[in-house]
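# Coordinates only, no sequence provided:
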Ligand SMILES: Cc1cc2nc3c(=O)[nH]c(=O)nc-3n(C[C@H](O)[C@H](O)[C@H](O)COP(=O)(O)OP(=O)(O)OC[C@H]3O[C@@H](n4cnc5c(N)ncnc54)[C@H](O)[C@@H]3O)c2cc1C
């Protein structure tokens with residue numbers, strides 16, 4: 001199928017994108033497009049039929065990063081492959097870059113953006129799960145100015161966020177982790193480059209007093225698990241999945257519990273992936 005007809009315009013910067021959205025309000029359905037890797041298929045399937053696409057992919061302010069020593073603020077249009085390649089700094093000592101490399105395949109990573117992935121809010125998406133683990137913040141620009149929110153509050157459901165109609169996601173802020181941080185990563189997918197069927201990431205950073213795991217690919221927003229004390233045994237992990245994700249069937253509980261257990265066990269090893 002082909003997309004329904006739409007107008008297309010390229011925003012000069014994020015403020016211009018907000019102006020264009022505000023000007024269309026009430027008259028035309030305007031939508032931001034970044035890498036088009038999620039929106040493109042939705043247009044072609046006519047799951048979304050905007051009158052106007054506002055392209056932010058080349059906005060200079062969304063393509064930058066700012067490193068203040070404690071945190072890194074990525075512009076929303078930084079691509080997956082820029083994180084993979086180390087074109088932007090990695091606050092996780094290389095782990096973020098490794099995680100980016102496991103998103104889809106290179107052609108998708110070259111165009112897909114961190115911001116687009118978050119706003120699309122697919123519960124199986126890699127960035128959502130990884131950035132929740134890192135307790136990231138999002139920076140949003142609207143007609144009333146800029147606001148900052150915790151990513152955990154920004155995502156309100158599967159494919160749903162609290163982004164207003166005239167708002168643009170401008171940045172994602174991640175705190176630098178200490179050199180003693182350990183990570184666990186377990187993604188199960190039918191084939192390399194496909195969305196996960198089970199996905200769990202975990203971290204322990206003793207210097208920052210952080211310890212948590214995040215479960216994704218569960219048809220609802222990713223779940224944060226703070227108490228990992230029983231997560232590395234089969235029964236403990238299944239009990240945690242049952243209590244955090246009530247109502248899923250037994251095979252799904254086992255699938256997600258294996259991901260949780262392996263990610264948490266990797267924390268006890270060398271800090272690599274599970
Ligand atoms: C074959 C294939 C395989 C894939 N596999 C994976 C995978 O394994 N893991 C994974 O995580 N992802 C996967 N993806 C999705 C990919 O990562 C997308 O790039 C990403 O989900 C969306 O980013 P985008 O920049 O392309 O956003 P777009 O498709 O351009 O936009 C997505 C949504 O976000 C909105 N949006 C975009 N940017 C902004 C902004 N700055 N402010 C406000 N709204 C904005 C758009 O309006 C739209 O609603 C896959 C995609 C394809 C095509």
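Great, that's in hand. For clarity, every value in this text was computed on a predicted model and none was experimentally measured.
# Point out the residues in the chain that sit beside the ligand.
Counting by Cβ under 6 Å from any ligand atom, the chain comes close to the ligand at 31-39, 56, 76, 103-104, 108, 111-113, 115-117, 119-120, 125-127, 163, 168-169, 194-195. C-beta here means a position set from N, CA and C on the backbone, and glycine is covered the same way.
# got any ranges where this structure has weak pLDDT?
270-274 (pLDDT under 70).
# now the strands for it?
7-10, 30-33, 52-55, 65-67, 71-75, 137-142, 145-150, 155-157, 160-161, 168-175, 182-188, 198-205, 210-216, 223-225 (DSSP state E).
# closest one to residue 260 among those?
Across these, residue 260 has its closest neighbour in strand 198-205 (4.8 Å, Cβ to Cβ).
# Give me the contacts around that closest one.
99, 124, 126, 129-130, 133-134, 177-178, 180-188, 210-217, 228, 231, 255-256, 258-260, 262-264, 266-267, 274 (Cβ atoms under 8 Å, 6 or more residues apart in numbering).
# could you measure the nearest residue to residue 151 once chain neighbours are set aside against residue 24, distance?
In this structure, residue 151 finds its nearest non-sequential neighbour in residue 136, 4.6 Å apart by Cβ to Cβ, 6 or more residues apart in numbering. For residue 136, the distance to residue 24 equals 29 Å [Cβ to Cβ, to the nearest Å].
# Among these two, which residue is more densely surrounded?
With neighbours defined as other Cβ atoms under 10 Å, residue 136 and residue 24 compare such that residue 136 has more, 24 against 20.
# residues contacting that one?
Taking Cβ under 8 Å, 6+ apart, we find residue 136 in contact with 150-151, 172-174.
# The same query, at a cut-off of 6 Å, please.
Each residue near residue 136 by Cβ atoms under 6 Å, 6 or more residues apart in numbering is listed here: 151, 172, 174.
# domains of the protein?
In terms of domains, the chain is parsed into 7-55, 62-175, 182-268 (source: automatic domain parsing).
# mind putting the ones you listed in a markdown table, distance to residue 1 included?
Conversion of those to a markdown table gives the following (distance: least, Cβ to Cβ, whole Å):
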| stretch | distance to residue 1 |
| --- | --- |
| domain 7-55 | 6 |
| domain 62-175 | 20 |
| domain 182-268 | 21 |
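# What is the burial count for the residue of the stretch 151-274 of the chain found nearest the ligand?
For the stretch 151-274 of the chain, the residue closest to the ligand is residue 169, as judged by Cβ to the nearest ligand atom, at 3.7 Å. Per other Cβ under 10 Å, the neighbour tally for residue 169 reads 26.
# Would you confirm that it contacts residue 77?
No: with contact defined as Cβ atoms under 6 Å, residue 169 does not count as touching residue 77 (9.5 Å).
# Which single helix of this structure contains the most residues?
Longest helix in the chain by number of residues (criterion: DSSP state H): helix 250-268.
# got the contact list for it?
Residues outside helix 250-268 that contact it (Cβ under 6 Å, 6+ apart): 182, 184, 186, 198, 200-202, 204, 213, 215, 228, 231-232, 237-238, 241-242, 274.
# Narrow the residues you listed to just the buried residues.
Neighbour counting with 16 or more other Cβ atoms under 10 Å marks 182, 184, 186, 198, 200-202, 204, 213, 215, 228, 231-232, 237-238, 241, 274 as buried within the contacts of helix 250-268.
# sorry, back to before: of the residues of the chain next to the ligand, just the buried ones, ChimeraX syntax please.
Applying 16+ other Cβ under 10 Å to those, the buried members can be selected in ChimeraX as follows:
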select :31,32,33,34,35,36,37,38,39,56,76,103,104,108,111,112,113,115,116,117,119,120,125,126,127,163,168,169,195
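# Which residue, neighbours along the chain excluded, lies closest to residue 110?
Nearest to residue 110 is residue 81, by Cβ to Cβ, 6+ apart, at 4.9 Å.
# For residue 74, see how far away the one you found is.
In terms of Cβ to Cβ, residue 81 sits 13 Å off from residue 74.
# Can you pick out the residue with more neighbours from the two?
Neighbour totals were compared for residue 81 and residue 74, and residue 74 leads with 29 against 18 (other Cβ under 10 Å).
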